[in-house]
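> Here is a sequence with its predicted model. Questions after.
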Amino acid sequence: MTLTEFLLTADADDSLALAAAQAHTETQGKLIPRNTMNSILAQAGLYNAFLAASPTDDLIAAFMDVSSTEYNFIQSNPTGDGQIAALDTLIAGDYPQLAALKPTLIALCNVPYQPFENTTLAQVKAIRYPATAELCVHPAGMDYAVSASSKDLFSFVTVLTDDCTGIDVSIKWREDGAETWKVFSSPIRLQGGSAGESLSQVIARPRGIKDARHFEFSFKPQYAGQVSTVNVNVSQ
């Protein structure tokens, strides 16, 4: 299961969903090496008994065969389920002492782990509230638009209405729910182009802005064009 799949059914509250994701446990299947299995049998006093029985007992012969380099007792796995069934047959037959070993063998092959334990709130928000990528036309009188995003990159496309030597992207930002905008000190300078030219660009999230959700990108109205996600300030 991916984090995206987990969040589909998680609590609508981002903080509660994060806590549930960090605590989520899955099982990782692992195989037992032959030398480990030999040690387990020896400690249980069964290794020599299995060697002695292997010439006449098919199950024991298969279990002790030198070609068996790994042992599979992974649950919900076709091979593992088959090996567990064979183990139960041995337990019900001449080797009831294997019953005490079964939990150890199952535990070694079915290891619990938490795949999302290091997940952050920013990652949850990035999945739940992805940056928009729909093209929109801003009229000439509009000075800015607000972009909501928790992603690390912003992509945009703009069609220039005049020649320019460069594009200055001025950024303000605020956290989700906050009323006060903060100014990111240094505008980002991008390559310009000719009138009618369609430019595409990807810019990185400014440093120091991690969980902020809203960004304001300003541009000069006379150079309005088709913009996705951000607005641009075109300078001549």
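Looks like it arrived, so ask away. Numbering: from 1, shown residues only.
> Okay, helices next: where are they in the protein?
Here the chain has its helices, by DSSP state H, at 3-8, 14-23, 34-43, 47-53, 58-64, 78-92, 102-109, 121-128.
> what's the angle between the third one and helix 102-109?
Helix 34-43 and helix 102-109 are oriented at 160 degrees to each other (axes from the mean of the first three to the mean of the last three Cα atoms, to 10 degrees).
> Stretch 74-84 - what's its average pLDDT?
The pLDDT scores in stretch 74-84 average 94.
> Okay, buried residues for that stretch please.
Ile74, Gly80, Gln83, Ile84 (16 or more other Cβ atoms under 10 Å). C-beta: built from backbone N, CA, C; applies to glycine.
> residues contacting the residue nearest to the last one when sequence neighbours are not counted?
Ranked by Cβ to Cβ, 6 or more residues apart in numbering and with sequence neighbours excluded, the top spatial neighbour of Ile84 is Phe73, at 5.5 Å. Counting by Cβ atoms under 8 Å, 6 or more residues apart in numbering, Phe73 touches Ile32, Gly80, Gln83, Ile84, Leu87, Leu105, Ile106, Leu108, Cys109, Asn110.
> can you put those in TSV and add distance to Leu7?
Listed next are these as TSV, based on distance: Cβ to Cβ, whole Å:
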residue	distance to Leu7
Ile32	34
Gly80	30
Gln83	35
Ile84	33
Leu87	38
Leu105	35
Ile106	31
Leu108	32
Cys109	29
Asn110	25
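> out of the residues you listed, which are buried?
Among the contacts of Phe73, those classed as buried by 16+ other Cβ under 10 Å are Ile32, Gly80, Gln83, Ile84, Leu87, Leu105, Leu108, Cys109, Asn110.
> Ala10: how many residues sit nearby?
19 (other Cβ atoms under 10 Å).
> quick one: contacts for Thr69?
Pro33, Arg34.
> what pLDDT does it get?
Value for Thr69, per-residue pLDDT: 91.
> Likewise for Ala61?
At Ala61, pLDDT is 92.
> so how far is Ala86 from it?
From Ala61 across to Ala86, the span is 12 Å (Cβ to Cβ, to the nearest Å).
> quick one: which of the helices of the chain is nearest Pro115?
helix 3-8 (7.9 Å; Cβ to Cβ).
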